[in-house]
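Engineer: 3D model of this:
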Amino acid sequence: MDNQNLSAFIIVAENKSFSEAAYVLDVTQSTISKRIALLESQVGKKLFDRIARRVALTEAGQELLPRARRILKEYANALQAINDLSGNVSGILRLAISHHLGLHRLPDLLKIFSKTYPDVVLDIEFMDSEKAYERVMQAKSEIGIITLGSEIHPNIHKKEIWDDPLKFVCSEDHALSKLLDPELEDLANFPVILPGLNTYTGRIVQNIFQYRQISLVTPMSTNYLETISKMVEIGLGWSVLPETLTKNLHSLSVNHTSIKRQLGYICHTKHTLSNAGVAFLSLLDQQCEIEVNL
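Structural biologist: Numbers count the residues shown, from 1 in each chain. Just a heads-up that it's a prediction; the model follows:
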């Protein structure tokens, strides 16, 4: 089976559209149709049902899809393994990076890596930490740089690189800003804007209040910390944010309460790292040593 045909099949299946697959692969829709027709001819079965302007996998297509993904993954792994035998640091390095780390912690490191290893193509996807974790678990990304959760699968190796203190914050003119040493109960009287409970950060904050059996008023939620910072700044509620996002906000000294996150990287222990992956982790480990010595 031709790799291009398999790739076209996977992209059509994921997008449920020939035209969208053509856009993703930067080819004509006619080319996509020909590749699918060739693949259907090879397997002797129809792979898609065409319904209106959308397509759906047939039973044969559903059987082929996971196998097609494995074939392309093994092919890419084989090419990378052969390339790594030379000792060269090159090829594609797939990274899954949380939005916050991509904006506030990694730009300089990525710049250094790109200059040091110009033959490496960085394939970076920015997403929530939880989704990045799943991508590494599924071997779709080689390394994840994320907020580290307390529960990690035995096949996942994690390393903390940064301590990330979190601050209780509100706007400069919020009623809470007038309190010298507010208690958690004081905060609970006002609306809070937090990441969802599906995020590590959201659960950290919620657990603190649940432990004290304090209910929170949460009229809105978003997983983008930069958005939360702006909403807090205009007075829509208080929140808990990293220090990097508190510039225009009032920090609240909440009695006997301090919160921090662990930021770092994860990789899968059952998958051999590429030379590029090893080089990138080495750079992150150097950053860890710098943080320890600060």
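Engineer: Only C-alpha atoms from now on, for both contacts and neighbour counts.
Structural biologist: Noted.
Engineer: Going along the chain, name the helices of the stretch 101-250 of the chain.
Structural biologist: Assigned helices in the stretch 101-250 of the chain, in chain order: 107-116, 129-137, 184-187, 200-211, 225-233 (criterion: DSSP state H, counting those that start in this stretch).
Engineer: Give me the buried stretch members for the shortest one, please.
Structural biologist: Buried residues in helix 184-187, counted by 16 or more other C-alpha atoms under 10 Å: 184, 187.
Engineer: cool, and the first one?
Structural biologist: For helix 107-116, the buried set under the neighbour-count rule, 16+ other C-alpha under 10 Å, comprises residue 113.
Engineer: Off-centre distance for that helix?
Structural biologist: Relative to the mean C-alpha coordinate of its chain, helix 107-116 is positioned 19 Å out (C-alpha atoms, centre = their mean, to the nearest Å).
Engineer: just checking, what packs against it?
Structural biologist: Secondary-structure packing of helix 107-116 (3 or more C-alpha pairs under 8 Å, 6 or more residues apart in numbering; DSSP states H and E): helix 275-293.
Engineer: Give me the residues contacting the helix it packs on.
Structural biologist: Here helix 275-293 makes contact (C-alpha atoms under 8 Å, 6 or more residues apart in numbering) with 84, 87-93, 109, 113, 120, 142-143, 160-162.
Engineer: any idea which of the residues you listed is least confident?
Structural biologist: Minimum pLDDT for the contacts of helix 275-293 is recorded at residue 84 (76).
Engineer: which ones are touching that one?
Structural biologist: When contacts are counted by C-alpha under 8 Å, 6+ apart, residue 84 is found next to 90, 274-275.
Engineer: change it to 10 Å
Structural biologist: Contact analysis of residue 84 by C-alpha atoms under 10 Å, 6 or more residues apart in numbering lists 78, 90-91, 273-276.
Engineer: Equivalent analysis for residue 147, please.
Structural biologist: For residue 147, the contact set (C-alpha under 10 Å, 6+ apart) comprises 97-98, 100-101, 128-130, 132-133, 160, 162, 164, 199-201, 261-266.
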